[in-house]
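Novice: Pasting the sequence and the predicted coordinates here, then a few questions.
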Amino acid sequence: MGVVAGLCVVGLGVAVVVGLVVGPTSIGTWRVVGSAFAHVGLGHSTLTSLQSTIVWQLRAPRMVLGLLAGAMLAVAGGTYQGVFRNPLADPYLLGVAAGAGLGATFAIVNVGNGVGTPSWTPLLAFVGAMAAVIVTWLIGGRSSRSGAATLILAGVAVSSLLTSAQTFLQQQSTGSIARVYIWLLGSLASASWHSVWMVLPYVAVCVVVCVAAGRALDVMSVGEEESRSLGVPVRQVRIAVIAASSLGTAAVVSAVGLIGFVGIIVPHIVRLLVGTSYRRILPISVLFGAAFLVLADTIARTVLAPSELPLGVVTALVGAPVFVLILSLRRPVAV
Amino acid sequence: MSGVELVALSVHVGKKALVSDVSLVIEAGTWCTVVGPNGAGKTTLVETIAGLRRPSSGSVSIGDVSVADMSDRERARTVALVPQHPVVPDGMTVYDYVALGRIAYHGLFRPPSVADRRIVESVLERLTLGEFRDRDVATLSGGERQRMVLGRAFAQSTMVIVLDEPITGLDLRHQMELLELLKSEVADCGLTVVATLHDLTLAGQFADRLVLLDRGEVVLDGPAGVVVRSGELASRYGMNLRVVDVDGADVVVPVRH
């Protein structure tokens, strides 16, 4: 555990530096580091004003948004896997993705009149995501004796319905299909300090809630009835962590679109490294997910520069082989 | 004293009554076993005593406090449950599993205190689980596993333990060992035990009192020797039963028609 945590912190540091230094415009690593120190009043920056803008107005917010999105998606995935005791659970389980997709498509197709991606796409995506989760909860989570399976099935139903509505909207307006797809595949390209400040409060609170729930999720691995007999208020815990995971995911999705795979693959890799206790899985997933997404984004924006690969493509392309490798080296997954 | 009192207890699911109008007073420090054919409502009854089901009418109280009025934590400090099919989480160690019993004391946001850990240690020792403490729970044999589940219940430090078919799937020696362990807790610590058992011979040997349940109703309630020897028992199971005295113990034997 200690070693893995240490490695993740180092990886996070590397990701931060790589996120700032690597790019089509070559700027020396130490000059970037020097400029960082200059920001906190140590020494002088040797960057030109253009370089400074590239590093601190383009790369830095993009890197920070990547950290936030990676941390949130990974911890939300781990939390969902714990609370539903289902290894296939991911942050989009309860309809967040489909709801956000519908909201964003509506904004792009209608509000933007098919031209450009309107600035309030994130807001509509966020509203769509939260509405989808609330509807899923109203269908599947209200009755005190209905189990987690009911909620998952409700999520599947709501997702299907909203996805078909989204496809319907999208096909009506062929001119904007490309922009809808770019949004759906996820990208950090439009990151700005504004989007960082929009997402940060949600992610901060939701990550804390999820990580704090680790001990409760460990107990709940013995199932609902037994957890209750051990004194865990299962229903309250479930509402709290599902609300936190969904809210945080909705905030992230509204800013960066649908980045797949992080939420399912990162917690599983971490589980293979540190064991099955959520007290370890969740905090390590925060670090691992943050570093992983920033590094994946670096690949996404450099491989085909000046054009960009969708981030979801990279997370799957890098994540899947790593996952398969670790899986074949270790024993089968257990949740 | 933490005796268990059921007053006109009924549990319905939809319109079907699983338990109807059961009234029992189980004295503290005694062992009461509920017997009856499959579908008699035994599991529903013990789950309701453990607070996992709400009574449709009537009440369950332990030490004069209604179980339905307790918070989850209070209840877990009052009554422990050994379920019929415990979930065994892969990857958890035996120590961590037994320590789950202390959650109701240290809570969900704080680590176990020194006192909590000391209690877990003493439980591991009492149940001779010490050598398994770091083993993955999924690797235990049936007997070891059941002892571990009992350990978690002991770690809850309750005065009442409810067990649903605790010896299913165990070989004869492990069945006896587990029941002897419980019996010594009843004798030494004044533990109150409410159990369901299918084995009428063992039920009769270990319980102070047997309650025969059929279709959710109490048919017979009395000292083990009396209930085992009553004709009612055979007729409720719909079969021929013989009771043979072997060295002073009642052995219940089914006989073919």
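Specialist: That came through fine.

Novice: can you count the residues close to the closest residue to residue B:212 other than its chain neighbours?
Specialist: In this structure, residue B:212 finds its nearest non-sequential neighbour in residue B:220, 4.0 Å apart by Cβ to Cβ, 6 or more residues apart in numbering or on different chains. Backbone N, C-alpha and C define where each C-beta goes, glycine included. Neighbours of residue B:220 under the rule other Cβ atoms under 10 Å in any protein chain shown: 17.

Novice: and residue B:220, that's in a helix?
Specialist: No - per DSSP: H, G, I helix; E, B strand; the rest coil, residue B:220 lies outside any helix segment and is strand.

Novice: and chain A, which of its residues are near chain B?
Specialist: Residues of chain A lying close to chain B by Cβ under 8 Å from any Cβ of the partner chain are A:212-213, A:215-216, A:218-219, A:221-223, A:225-226, A:228-233, A:237, A:275-277, A:334-335.

Novice: Surely residue A:84 touches residue A:141?
Specialist: No - when contacts are counted by Cβ atoms under 8 Å, residue A:84 is not listed as touching residue A:141 (11.4 Å).

Novice: Touching both of the two, which residues are there?
Specialist: residue A:151 (Cβ atoms under 8 Å, 6 or more residues apart in numbering or on different chains).

Novice: how about low-confidence regions in the chain?
Specialist: No chain was given, so I picked chain A. A:111-118, A:142-147, A:330-335 (pLDDT under 70).

Novice: Oops, wrong one, chain B.
Specialist: In chain B (pLDDT under 70), the answer is B:1-2.

Novice: for it, which helix is longest?
Specialist: helix B:172-189 (DSSP state H).

Novice: Just want the angle from whichever helix or strand comes after that helix to helix B:172-189.
Specialist: Note on helix B:172-189: by DSSP states H and E, the next helix or strand toward the C-terminus is strand B:192-196. Put simply, strand B:192-196 runs at 150 degrees to helix B:172-189, going by axes from the mean of the first three to the mean of the last three Cα atoms, to 10 degrees.

Novice: could you say what helices and strands strand B:192-196 packs with?
Specialist: If contacts are counted by 3 or more Cβ pairs under 8 Å, 6 or more residues apart in numbering or on different chains; DSSP states H and E, strand B:192-196 sits against strand B:31-35, helix B:42-49, strand B:160-164, helix B:172-189.

Novice: So what angle separates the directions of it and strand B:160-164?
Specialist: Using the same axes, to 10 degrees: strand B:192-196 against strand B:160-164 is 10 degrees.

Novice: what's residue B:20 in contact with, if anything?
Specialist: Taking Cβ under 8 Å, 6+ apart, one finds B:10, B:216, B:217 in contact with residue B:20.

Novice: that older thread, just the ones of the residues of chain A next to chain B in strands?
Specialist: With strands taken from DSSP state E, there is no overlap with those.

Novice: Can you tell me which of the contacts of residue B:20 has the most neighbours?
Specialist: residue B:216 (23 neighbours).

Novice: Distance of the spatially closest residue to it that is not a sequence neighbour relative to residue B:32?
Specialist: Closest residue to residue B:216 apart from its sequence neighbours, by Cβ to Cβ, 6+ apart: residue B:41 at 4.0 Å. For residue B:41, the distance to residue B:32 (Cβ to Cβ, to the nearest Å) stands at 15 Å.

Novice: what sits against the closest residue to chain B within the stretch 101-250 of chain A?
Specialist: In the stretch 101-250 of chain A, the residue that lies nearest chain B is residue A:231 (2.9 Å; Cβ to the nearest Cβ). For residue A:231, the contacting residues are B:72, B:73, B:74, B:75, B:76, B:77, B:103, B:104, by Cβ under 8 Å, 6+ apart.

Novice: for chain A, what are the nearby residues on the stretch 151-257 of chain B?
Specialist: So the stretch 151-257 of chain B meets chain A at B:152, B:156 (Cβ under 8 Å from any Cβ).

Novice: Nearest to chain A: which residue in the stretch 151-257 of chain B?
Specialist: Counting by Cβ to the nearest Cβ, the stretch 151-257 of chain B gets nearest chain A through residue B:156, at 7.3 Å.

Novice: May I see the buried residues of stretch B:224-243?
Specialist: B:224, B:227, B:228, B:230, B:233, B:234, B:236, B:237, B:241, B:243 (16 or more other Cβ atoms under 10 Å in any protein chain shown).

Novice: Sort out for me which of the residues you listed are in strands.
Specialist: Residues from the buried residues of stretch B:224-243 lying in strands, with DSSP E as the criterion: B:241, B:243.

Novice: What about the buried residues of stretch B:224-243, which are in helices?
Specialist: B:224, B:227, B:228, B:233, B:234, B:236, B:237.

Novice: Turn the residues you listed into JSON lines, including distance to residue A:159.
Specialist: Formatted as JSON lines, these follow (distance: Cβ to Cβ, whole Å):
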{"residue": "B:224", "distance to residue A:159": "57"}
{"residue": "B:227", "distance to residue A:159": "56"}
{"residue": "B:228", "distance to residue A:159": "57"}
{"residue": "B:233", "distance to residue A:159": "55"}
{"residue": "B:234", "distance to residue A:159": "56"}
{"residue": "B:236", "distance to residue A:159": "51"}
{"residue": "B:237", "distance to residue A:159": "50"}
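
Novice: just curious, which of the residues you listed is nearest to residue A:320?
Specialist: residue B:237 (57.6 Å; Cβ to Cβ).

Novice: Name all residues that make contact with the closest one.
Specialist: residue B:37.

Novice: Now do it against residue B:16, distance only.
Specialist: Counting by Cβ to Cβ - residue B:237 and residue B:16 are separated by 22 Å.

Novice: Then residue A:83?
Specialist: In terms of Cβ to Cβ, residue A:83 sits 31 Å off from residue B:16.

Novice: For residue B:141, grab phi and psi.
Specialist: phi -80, psi 170 (degrees, to the nearest 10).

Novice: what's the neighbour count on it?
Specialist: Neighbours of residue B:141 (other Cβ under 10 Å): 12.

Novice: ok, now residue A:247?
Specialist: So residue A:247, with other Cβ under 10 Å, has 22 neighbours.

Novice: three-state assignment of it?
Specialist: helix.

Novice: From what I see, it and residue A:203 are in contact.
Specialist: No - the criterion here is Cβ under 8 Å, and residue A:247 misses it with residue A:203 at 9.5 Å.

Novice: how about the residue positioned nearest the centre of chain A, secondary structure?
Specialist: Centroid check for chain A by Cα atoms, centre = their mean gives residue A:73 as the closest residue, at 2.7 Å. For residue A:73, the assignment made with three-state DSSP gives helix.

Novice: residues contacting it?
Specialist: A:91, A:249, A:252, A:259, A:262, A:263, A:266, A:289, A:293.

Novice: What is the burial count for the last one?
Specialist: One way to gauge burial is a neighbour count; for residue A:293, by other Cβ under 10 Å, it gives 34.

Novice: residue ranges for the helices of the stretch 1-150 of chain A, please.
Specialist: In the stretch 1-150 of chain A, the helices defined using DSSP state H, counting those that start in this stretch lie at A:2-21, A:29-39, A:49-53, A:60-83, A:96-106, A:121-140, A:148-172.

Novice: Which SSE is immediately downstream of the last one?
Specialist: Same thing as helix A:148-172. helix A:177-185.
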